[in-house]
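Novice: Coordinates for the following, if possible.
(one chain, ligands or ions: 2)
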Amino acid sequence: MGQDGRVRTIDDHRDEIVELLRPVADQLAAEPIEVGGAAFTARPWEHAARYLATDVIAPRALPGFDNSQMDGFAVLAADLEGASPESPVTLPVAERIAAGDAGHPHRPGTATPIMTGAALPPGADAVVPVERVDPPLFPAPGTEAIAGFTAPVAPGTYVRAQGSDVADGQVLLRAGDRLSAARAGVINGVGLTEVAVRRRLRVLLVPTGHEIRDPGEELTPGRIHDSNSVALTAALQSIGCGVDVRPCRSDDAVDLLAIVESALGESAGDPRAGGTNDAAPTSAPTPPAEISGDGAVTGPPDLLITVGGVSAGAREVVRDALGPLGVRFEKVALQPGGPQGLGLASLGDGRTLPVVCLPGNPVSALVSFEVFLRSALLTTAGASVTDRERRSAPLAHDLDSPPHVLQLRRGVLVDGELHTLGGPSSHLLHALADSTVLIHVPVGVDHVAAGSPLEFWRIDD
Ligand SMILES: Nc1nc2c(c(=O)[nH]1)N[C@H]1C(S)=C(S)[C@@H](COP(=O)(O)OP(=O)(O)OC[C@H]3O[C@@H](n4cnc5c(N)ncnc54)[C@H](O)[C@@H]3O)O[C@H]1N2
Ligand code: MOO
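Specialist: Numbers count the residues shown, from 1 in each chain. Ligands and ions are numbered 1, 2, ... in the order given. You can find the predicted model right below:
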């Protein structure tokens, strides 16, 4: 239910998050990023999940010149007219041209040995692969030799024409394109050393829970290792966000607010003790955050994401801390991921911060990220592809679902059929870890028979 007593749909909640983040999008200015050669390979973090801020125009054609697609012999096609196995055309072999060589003009009536990628010499208009020539080999340089051709060849055969991939001056890439491997490659191929990308969206991530401890820390009875901090950080980083993660291990609203203030203070150049908040702090203050070439994160957060502390317990640290600042808590018709919160928190002195609150169960938190945050954050970051691909496939077995919610079951697609993994409970993180799809069981459906089609999203990228 929403606070007005209405059942809150997924679309209601997602749309409101997009609205909440709209002003953030305007703050994500373009920034130049070095992409040429060593500058790219030396700082892999800097280039991961970046989105172009502007169109990129090709400063030159690709290929830059006509060149050979095969190791073989460059010829003038007219010289091989009438060639056949019975009456081969034989041509004296000229000096060879390798990739990178300036080369020499091709003389009609000769065959010029040419290697893949070498510039087609002026005067030649086709290439015959070496294995189709008699003898099928390259003579040693400086020796006199004859090459036999047993078939005619059409002009242009095995020639990669100048500009056949990219025309000089064309739009090479578009604003919003993710800097993928192939795109980084083609940017380098046309010789560019810098492109403009959107600044990363900076997220202050505050997982909560009196019970959580880092892996490596001893667990006293009732305590658990923290999986949300890393899982949500990884999910956010996978779409290009810079993440400053500061777990709150206290159920006291004052402690959570101190963590937020500390993060804001440090990002404003006023370092105060930050990091994990605990009755007896167990880890050093988290360093200030900047997303730069070395992977650190600095600058004020654009968005606060909390995890946990939103349901109906006696003390719910997120509700207690952020409710009074203007954040609303809702029950969305989704399972897992029912309890949610969002709003623009008023932090005093006129400061505001967009806030999204996710439920604490590990599967609920990650599914909520998928449903509510992933596409909203990609939209905010200016990405052109923001949604998971939605497809449909038959279910391999029967399945029951509570009809008042959209249930997202975790599973795999095997031989075109959907199989759920684990049950619907939101603590089953291992089953999610083995899953490749999120299977959508719509609102209003309480039973799905084997063989019925269901929509699913792939989540295994
Ligand atoms: N009386 C009701 N109880 C609950 C309701 C409800 O409607 N009425 N909703 C349930 C649902 S659904 C969910 S989801 C959870 C959401 O609870 P919170 O967001 O308040 O989260 P917590 O209580 O803090 O934690 C829930 C669960 O997850 C574990 N957890 C929390 N943080 C981490 C972490 N960083 N790493 C690993 N596991 C974590 C925590 O120990 C709890 O087991 O509320 C239900 N209850
Ligand atoms: O809705 Mo909770 O998010 O199922 O476990």
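
Novice: phi, psi of residue 237?
Specialist: Backbone geometry at residue 237, expressed as degrees, to the nearest 10, gives phi -70, psi -30.

Novice: what do you get for residue 374?
Specialist: Residue torsions, per degrees, to the nearest 10, at residue 374 are phi -60, psi -60.

Novice: tell me the contacts of it?
Specialist: 235, 239, 386, 388 (CB atoms under 8 Å, 6 or more residues apart in numbering). Every residue, glycine included, has its C-beta placed from N, CA and C.

Novice: okay but the second one is in contact with residue 379, surely?
Specialist: In this case it means residue 239. No. Using CB atoms under 8 Å, residue 239 is not in contact with residue 379; the gap is 10.6 Å.

Novice: which element is the residue of the chain found nearest ligand 1 on?
Specialist: Of all residues in the chain, residue 360 sits closest to ligand 1, at 2.5 Å by CB to the nearest ligand atom. Residue 360 belongs to no helix or strand when assigned by DSSP states H and E.

Novice: And it, its phi and psi?
Specialist: Residue torsions, per degrees, to the nearest 10, at residue 360 are phi -80, psi -20.

Novice: again, but for the one 3 residues further on
Specialist: Residue 363 has phi and psi values of phi -70, psi -40 when expressed as degrees, to the nearest 10.

Novice: from memory it sits against residue 430, does it?
Specialist: No. The pair residue 363 and residue 430 does not pass the contact test of CB under 8 Å, sitting 9.8 Å apart.

Novice: who has more neighbours, the two?
Specialist: Ranked by neighbour count (other CB atoms under 10 Å), residue 363 and residue 430 place residue 363 first, with 25 against 12.

Novice: what's the more buried one in contact with, if anything?
Specialist: Residue 363 neighbours (CB under 8 Å, 6+ apart): 336, 410, 425, 426, 427, 428, 429, 431, 432.

Novice: Just the buried ones out of those residues, please.
Specialist: Buried members of those, counted by 16 or more other CB atoms under 10 Å: 336, 410, 426, 428, 429, 431, 432.

Novice: Could you list the single helix or strand in the chain with the lowest mean pLDDT?
Specialist: Least confident helix or strand, the chain: helix 44-47 with a mean of 86, by mean pLDDT, DSSP states H and E.

Novice: Give the buried residues for that one.
Specialist: Result for helix 44-47 [16+ other CB under 10 Å]: buried residues 46, 47.

Novice: I'd like the distance from it to the chain centre, please.
Specialist: The chain centre lies 12 Å from the centre of helix 44-47; the measure is CA atoms, centre = their mean, to the nearest Å.

Novice: Output the contacting helices and strands for the next helix or strand after that helix.
Specialist: Using DSSP H and E, the next helix or strand after helix 44-47 towards the C-terminus is strand 56-57. With contacts taken as 3 or more CB pairs under 8 Å, 6 or more residues apart in numbering; DSSP states H and E, strand 56-57 sits against strand 171-173.

Novice: Direction included, what does the strand it packs on pair up with?
Specialist: Note on strand 171-173: by DSSP bridges, its sheet partners are strand 56-57 (antiparallel).

Novice: so how far is ligand 2 from residue 341?
Specialist: Plainly put, residue 341 is 12 Å away from ligand 2 if you go by CB to the nearest ligand atom, to the nearest Å.

Novice: Which strand residues bridge the spatially closest residue to that residue that is not a sequence neighbour?
Specialist: Of all residues beyond its chain neighbours, the one nearest residue 341 is residue 357 (3.1 Å), with distances taken as CB to CB, 6 or more residues apart in numbering. Using DSSP bridges, the beta-bridge partners of residue 357 come out as residue 306, residue 341.
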